[in-house]
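A.B. asks: Requesting a structural model of the entry that follows:
(4 chains)
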2 protein chains.
Amino acid sequence: MSMRVLYVEDEKFLAEAVMHLLRKAKIDVDYAADGEAGFELALKPNYDAIVLDIMLPKLSGLEILKSIRERGVKTPVIMLSALNEVEDKVRGLEYGADDYLAKPFKTAELVARLNALVRRPPLTDAKKLCYEDLILDLSNRTINGVELTDKEMGIFEMLIKTPGSVVTKEQILAHVWGADAEFDDNYVEVYVSYLRKKIKSLNSKAQIKTLRGLGYKLCLTN
Amino acid sequence: MSMRVLYVEDEKFLAEAVMHLLRKAKIDVDYAADGEAGFELALKPNYDAIVLDIMLPKLSGLEILKSIRERGVKTPVIMLSALNEVEDKVRGLEYGADDYLAKPFKTAELVARLNALVRRPPLTDAKKLCYEDLILDLSNRTINGVELTDKEMGIFEMLIKTPGSVVTKEQILAHVWGADAEFDDNYVEVYVSYLRKKIKSLNSKAQIKTLRGLGYKLCLTN
DNA sequence: GCCGAAATTAAAATAAACTTAAATTAGCCT
DNA sequence: AGGCTAATTTAAGTTTATTTTAATTTCGGC
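C.D. replies: Next up is the predicted model:
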């Protein structure tokens, strides 16, 4: 049940030291010394997290990150770099990195960050979210091809991100309309109604269920 | 649909500048200038993320973080601090912070980190109470998957919280219906009846036992 | 067996949620 | 800018789940 981490780093001496400390912290580490080897390993869904140096021979950390994300790999990634440049950080995070650590760093901090990352549920693809036979495409704003409006998608996104558990109208209003908006539950009711109509037209097994006085949840029809 | 963030920071001048830039990045910002105000706002589930300075008047960022996590608030938190000490970072992350940013920072980086955080699905808090084979799911309002109404859950929650000891009808009325409500014992009897029916349908070892003239308790069938 | 307490049920009342359609607003295109 | 379209808001009527009421039956202790 211990954590498995892939560590891609070309500075062998540093790598040895860090790996030693990670293992002391009960973390299993696989090691790759260059970009290509790292890329091969990173494609496998074996890891709870990947620690990626940016400056690497053959293939940079950013390139690895970009490539694996394009191929749908969602493993959390922490980028490492001596360049404490904001631009790199921003780029890394935009490519889908989950955290960024500047060199030199203390291993204790790396461990803490790894733990923080792994505490969270796995990263879902930024572009698509699934529940059963329903696929919400965030970039096209569709469910299985059926187009949604902004509000419809906002609500459905909340539901599909926590399938099976309840989302309240207040949470929906706060998230989709904004907390300052004066709340009228009917907004939500109207759009839930629209969503249901669209989901029904897809003959899905899934449905939006009402929990009176509580909120809504996404679940299977029974 | 835009991101909503709570920003707790006592340095007003810095806060103004950062907020300006966040708003430019289409992020809705609520602002609190001291720990107490921040704590109050942080308790509300209105935010996609909270940015917490550590050094604050009245209540430190770490204290706020600890308190809201204890109360089950799962909103992602980014800690801010001028102290670039590893110990603080580790402590913050262990208390349940999701990220840590050292001052001074560039707002672009804060924005990137906020985006990275919010991409992740929210942590759902599935609060549950157990007695023998019965699991009361408070957030979904179910016992072992069987749905309950408000009153049913109110009563069952009282019983399961003090298994084996007696809860009076008066206590139940006061707790579930409200202290001011005029009490009619039959309310309770009706709902206990419903609860029993549902528990029976689960073939549970547990049962709600009547103690004549006293009240009810949760115990095993004998 | 009798009596009061508790349980059960079904019905009526209430409150929450749903659905529609019309009115309004916002975004776009020429 | 003006007009067209799509999205959102508003509002009213309808439906449905939950709660309350009330009448009836069962149960437990004496």
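A.B. asks: In chain A, where is pLDDT below threshold?
C.D. replies: Along chain A, segments meeting pLDDT under 70 span A:1-2, A:45, A:72, A:83-94, A:120-127, A:179-182.
A.B. asks: longest helix in it, by residue count?
C.D. replies: Counting residues, the longest helix found in chain A (DSSP state H) is helix A:185-201.
A.B. asks: For it, name the packing helices and strands.
C.D. replies: In terms of contacts (3 or more Cβ pairs under 8 Å, 6 or more residues apart in numbering or on different chains; DSSP states H and E), helix A:185-201 is packed against helix A:150-161, helix A:169-172, strand A:206-211. Where you see a C-beta, it was placed from the backbone N, CA and C, and this is true even at glycine.
A.B. asks: do the shortest one and chain B meet at all?
C.D. replies: Yes. Legend: contact between helix A:169-172 and chain B by Cβ under 8 Å from any Cβ of the partner chain is shown at A:170, A:171.
A.B. asks: and that helix, how far from the chain's centre?
C.D. replies: The chain centroid and the centroid of helix A:169-172 are separated by 22 Å under Cα atoms, centre = their mean, to the nearest Å.
A.B. asks: The first one too?
C.D. replies: Using Cα atoms, centre = their mean, the distance from the centre of helix A:150-161 to the centre of the chain it belongs to is 16 Å.
A.B. asks: Okay, the residue in chain A sticking out farthest from the centre and DNA strand D: tell me how far apart.
C.D. replies: For chain A, the C-alpha farthest from the mean C-alpha position belongs to residue A:13; by Cα atoms, centre = their mean, that distance is 31.9 Å. Plainly put, residue A:13 is 56 Å away from DNA strand D if you go by Cβ to the nearest atom of the strand, to the nearest Å.
A.B. asks: And for the helix or strand encompassing that residue, what's in contact with it?
C.D. replies: Assigned by DSSP states H and E, residue A:13 belongs to helix A:12-24. Contact partners of helix A:12-24, identified using Cβ atoms under 8 Å, 6 or more residues apart in numbering or on different chains, comprise A:5, A:7, A:9, A:29, A:31, A:33, A:107, A:110, A:111.
A.B. asks: Dump stretch A:163-182 to CSV, keeping only the CA atoms.
C.D. replies: Provided in CSV are the C-alpha atoms of stretch A:163-182 (Å, rounded to 0.1, in the frame of the first residue of the first chain):
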residue,chain,number,x,y,z
PRO,A,163,-20.9,10.7,-8.9
GLY,A,164,-23.1,9.1,-6.3
SER,A,165,-22.8,11.9,-3.8
VAL,A,166,-25.0,14.8,-3.3
VAL,A,167,-24.6,18.3,-4.6
THR,A,168,-26.8,20.9,-3.1
LYS,A,169,-28.6,23.7,-4.9
GLU,A,170,-26.6,26.2,-2.9
GLN,A,171,-23.3,24.6,-4.0
ILE,A,172,-24.5,24.7,-7.6
LEU,A,173,-25.7,28.3,-7.4
ALA,A,174,-22.4,29.3,-5.8
HIS,A,175,-20.3,27.5,-8.4
VAL,A,176,-22.3,28.1,-11.6
TRP,A,177,-23.9,31.4,-10.9
GLY,A,178,-21.4,32.9,-8.4
ALA,A,179,-21.8,33.3,-4.7
ASP,A,180,-22.8,36.9,-4.9
ALA,A,181,-25.7,36.1,-7.1
GLU,A,182,-29.0,36.3,-5.4
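A.B. asks: Flag every buried residue along that stretch.
C.D. replies: Under the neighbour-count criterion of 16 or more other Cβ atoms under 10 Å in any protein chain shown, stretch A:163-182 has A:163-177, A:179 buried.
A.B. asks: again, but for stretch A:110-123
C.D. replies: A:110, A:111, A:112, A:113, A:114, A:115, A:116, A:117, A:118, A:120, A:123.
A.B. asks: can you put those residues in a markdown table and add distance to residue A:130?
C.D. replies: What follows is the buried residues of stretch A:110-123, written out as a markdown table (distance: Cβ to Cβ, whole Å):
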| residue | distance to residue A:130 |
| --- | --- |
| A:110 | 32 |
| A:111 | 32 |
| A:112 | 32 |
| A:113 | 28 |
| A:114 | 27 |
| A:115 | 27 |
| A:116 | 26 |
| A:117 | 22 |
| A:118 | 22 |
| A:120 | 18 |
| A:123 | 14 |
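A.B. asks: What residues does residue A:34 make contact with?
C.D. replies: A:8, A:10, A:56, A:57, A:58, A:59.
A.B. asks: can you pick the most crowded of those residues?
C.D. replies: Neighbour counts for these, by other Cβ atoms under 10 Å in any protein chain shown, peak at residue A:8, which reaches 27 neighbours.
A.B. asks: Ramachandran angles for that residue?
C.D. replies: phi -110, psi 120 (degrees, to the nearest 10).
A.B. asks: what residues does chain A put near DNA strand D?
C.D. replies: Proximity of chain A to DNA strand D, by Cβ under 7 Å from any atom of the strand, involves residues A:147, A:149-152, A:177, A:184, A:186-187, A:190-191, A:211-213.
A.B. asks: now for the residues you listed, which pair is the farthest apart?
C.D. replies: Greatest spacing in the residues of chain A next to DNA strand D, by Cβ to Cβ: A:147 and A:213 (31.8 Å).
A.B. asks: circling back to that earlier point, now tabulate the contacts of helix A:12-24 in a markdown table and tack on secondary structure.
C.D. replies: A markdown table is the format used below for those (DSSP: H, G, I helix; E, B strand; the rest coil):
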| residue | secondary structure |
| --- | --- |
| A:5 | strand |
| A:7 | strand |
| A:9 | coil |
| A:29 | strand |
| A:31 | strand |
| A:33 | coil |
| A:107 | helix |
| A:110 | helix |
| A:111 | helix |
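A.B. asks: Domains in chain A, by residue range?
C.D. replies: A:3-119, A:128-220 (automatic domain parsing).
A.B. asks: Out of these, which is closest to DNA strand C?
C.D. replies: domain A:128-220 (3.4 Å; Cβ to the nearest atom of the strand).
A.B. asks: these two touch, right, residue A:8 and residue A:55?
C.D. replies: No. If you go by Cβ atoms under 8 Å, residue A:8 and residue A:55 don't touch, sitting 10.9 Å apart.
A.B. asks: Please identify every residue contacting each of the two.
C.D. replies: By Cβ under 8 Å, 6+ apart, residue A:8 and residue A:55 have these common neighbours: residue A:61.
A.B. asks: so how far is residue B:96 from residue A:162?
C.D. replies: 18 Å (Cβ to Cβ, to the nearest Å).
A.B. asks: Equivalent analysis for residue A:213, please.
C.D. replies: The gap separating residue A:213 from residue B:96 is 29 Å, by Cβ to Cβ.
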